[in-house]
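Asker: Below are the sequence and a predicted model for it; my questions follow.
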Amino acid sequence: MLNFHSLFSKSKSKIASTGYLLRATTTSQCLHTHITTLHTPNANNSHNLFSPRYSLAFSFSTPPARSSSRVPTSRTFCTASSERETIEYDVVIVGAGPAGLSAAIRLKQMCRERNADLTVCVLDKGAEVGAHIISGNVFEPRALNELLPQWKEQEAPITTPVSSDKFWFLTKGSAISLPSPFSNKGNYVISLSQLVRWMGAKAEELGVEIYPGFAANEILYDANDKVIGIGTNDMGIAKDGSKKENFQRGVEIKGRITLLAEGCRGSLSEKIMKKYNLREKGGAEHQTYALGIKEVWEIDEEKHQPGAVIHTLGWPLDHKTYGGSFLYHMKDNQISIGLVVALNYQNPFLNPYEEFQKLKHHPAIKPFLEGGTVIQYGARTLNEGGFQSIPYPVFPGGAIIGCSAGFMNVPKIKGTHTAMKSGMLAAEVTFSALNEGVDMDTYWDALRNSWIWEELHKSRNYRPAFEYGLIPGLALSGLEHYIFKGRHSFTLKHGKPDHEATNAARFHSPIHYPKADGVLSFDVPSSLHRSNTNHEHDQPPHLRLRDPKSPELINLPVYAAPESRYCPARVYEYAADEKNQMKLQINAQNCLHCKACDIKDPKQNIEWTVPEGGGGPGYSVM
């Protein structure tokens, strides 16, 4: 795996002494990377590959190909010329998360099993594999057992089995124990970003080429509207659209099959679903989402209970807002704590970030955190539509896998195992399509005949049950879990799409949140610092307004500026201009890539697009 941060740290002294050229070779991929520095950095500086101080040129050469290979033996990956260069692979996968890497690994496994040769490329917008991966995460190893049965012997970062499983209903001052419906026996408390890094290494061992730091921002089509690959972002573009000194043209990466594994609300996946009407074709409802906000703490050893799992419902959320919290004891005296808030909440004054800060002061939660230290902060949206919202996942030239399609099991609060399995199924169909002429549409059949389908069908009515409120939702979900067990014939429907659920401000009163104390609760800038978020400031904004006038004409007067509250990174702020008129200010450099704005804006006026590759959060233990 090409880890640019490791590359620079290993070569820092050489860069500092020469100031001219670093040549590094990753032999496992036969990847040669040439980085010409534009000035001599101090040896103590941290090196950002995407800083204007570097001019980049990459050239890739593959091992001697078999006679059946269609991929050239050498190719230029990035160029300063006006025309984009083209690289060809058999399979292009967008996203180095659990689904994308599972697909890549399974493809290469089948190549070995069947004595075949397929070239597989995985692109990821994060600066390194795992940098943008965040999840709860109580991990169910079912899919990993199928994919890499020897994962324990191969030292996967899965070492903390669930030791206890509690479920609390929180009121403002107490925690009421309820029977736990989560069935976490045999599962593990993990860091998903660490697991993904390990999976990336396993993929490379099999011959997968993984290139983090390259953001796919465009779908490529042929004359018949068939997908033939993706285009990456140009780099070195200033805010005003001019080319900077370090300008590098993007590249076209073409594949015979393209698999989209971008995670929840993937920008390319959303475009594909609309273009080919995949929701309608699959008979799916709209997707519904939640925003998860999370911190990792290091706590006192005497308070640490490795493998202890706590989930909650109720306070601090009101009874009309679906959501809950989690507290998981990881290894090394660490705990992960978070709040998940469904984005179909009605009150525009609700602030998910501030609700999370309140949670940490609850008398049942506070004792765990006192005396501890926050290590990392992050946020991400997650799919909650479940069975009802699965689109038809196949399009001409490829398929959508993982959370881009939405395979999360809401009552389990788990989607990693189903995302991985979907990637494995897509890989098997892709292999057969490329080698045996099988139609990619059989991926849809494979999904419906898999344990994914069975699992999501059984759990299909939990989430929509809470459309009627917290107490009715608990009653209905209890019947579903203990009596019906998904065996009845009726299927509940979701309510309004999340953006339509937001009420006008006149129907609600403002919510006054307590000031952060800097001990248990924190302001947004402090939390952002812990997310390691970084973007090149002088680049075109990746958060775009379809109608620039809508914030001042609609969002502010009608909805009391909800984007200033639902964003967990303070990307959106209203400030007075020279005429004392309130105008929306977009602080794109703060963006955590959570996608809440793309989902929750009342008029769907905000479009989230990928920034320059390598930008965004830098998660390591999330």
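Answerer: Okay, I see it. None of the values given here were measured: they were computed from a predicted structure.
Asker: Could you use CA atoms for every contact and neighbour count after this?
Answerer: Will do.
Asker: how about the residue nearest to Gln305 when sequence neighbours are not counted, what does it touch?
Answerer: Counting by CA to CA, 6 or more residues apart in numbering, Gln305 lies nearest to His329, which is 6.0 Å off, once chain neighbours are set aside. For His329, the contact set (CA atoms under 8 Å, 6 or more residues apart in numbering) comprises 189, 304-309, 335-336.
Asker: from the middle of its chain, how far away would whichever helix or strand His529 is part of be?
Answerer: If you go by DSSP states H and E, His529 is part of helix 524-530. Helix 524-530 sits 19 Å away from the centroid of its parent chain (CA atoms, centre = their mean, to the nearest Å).
Asker: Now do the contacts for the spatially most central residue of the chain.
Answerer: With distances taken as CA atoms, centre = their mean, Gly263 lies nearest the centre of the chain, 4.6 Å away. Contacts for Gly263 (CA under 8 Å, 6+ apart) come out as 95, 97, 402-404.
Asker: Look at it and report its pLDDT.
Answerer: As predicted, Gly263 sits at a pLDDT of 97.
Asker: So Gly378: helix, strand or coil?
Answerer: Classification of Gly378 by DSSP: H, G, I helix; E, B strand; the rest coil places it in strand.
Asker: Tell me, how many residues neighbour it?
Answerer: Gly378 sits with 29 neighbouring residues when counted by other CA atoms under 10 Å.
Asker: can you pull up the bridge partners for it?
Answerer: In this structure, Gly378 has the following beta-bridge partners (DSSP bridges): Lys294.
Asker: Show the pLDDT at it.
Answerer: The confidence metric pLDDT takes the value 98 at Gly378.
Asker: and if you look at Ser489?
Answerer: 82.
Asker: for the chain, which helix is longest?
Answerer: helix 416-436 (DSSP state H).
Asker: Which other helices and strands does that helix contact?
Answerer: Contacting helix 416-436 under the criterion 3 or more CA pairs under 8 Å, 6 or more residues apart in numbering; DSSP states H and E are the following elements: helix 98-114, helix 142-147, helix 442-448, helix 451-458.
Asker: Quick check: which of those is nearest to Ser267?
Answerer: Of all the helices and strands packed on helix 416-436, it is helix 98-114 that lies closest to Ser267, at 15.4 Å by CA to CA.
Asker: tell me the angle that closest one makes with helix 416-436.
Answerer: Here helix 98-114 runs at an angle of 40 degrees relative to helix 416-436 (axes from the mean of the first three to the mean of the last three CA atoms, to 10 degrees).
Asker: immediately after helix 98-114, which helix or strand?
Answerer: Remark: after helix 98-114, the chain's next helix or strand is strand 120-124, criterion DSSP H and E.
Asker: Just want the angle from that following strand to helix 98-114.
Answerer: Comparing the axes of strand 120-124 and helix 98-114 via the same axes, to 10 degrees yields an angle of 170 degrees.
Asker: mind exporting strand 120-124 as PDB, just the C-alpha atoms?
Answerer: Extracted as PDB, the C-alpha positions of strand 120-124 are listed here (Å, rounded to 0.1, in the frame of the first residue of the first chain):
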ATOM      1  CA  VAL A 120      -7.400  -4.600  -9.900                       C
ATOM      2  CA  CYS A 121      -7.000  -1.000  -8.800                       C
ATOM      3  CA  VAL A 122      -8.500   0.600  -5.600                       C
ATOM      4  CA  LEU A 123      -8.600   4.400  -5.300                       C
ATOM      5  CA  ASP A 124      -9.400   6.300  -2.100                       C
END
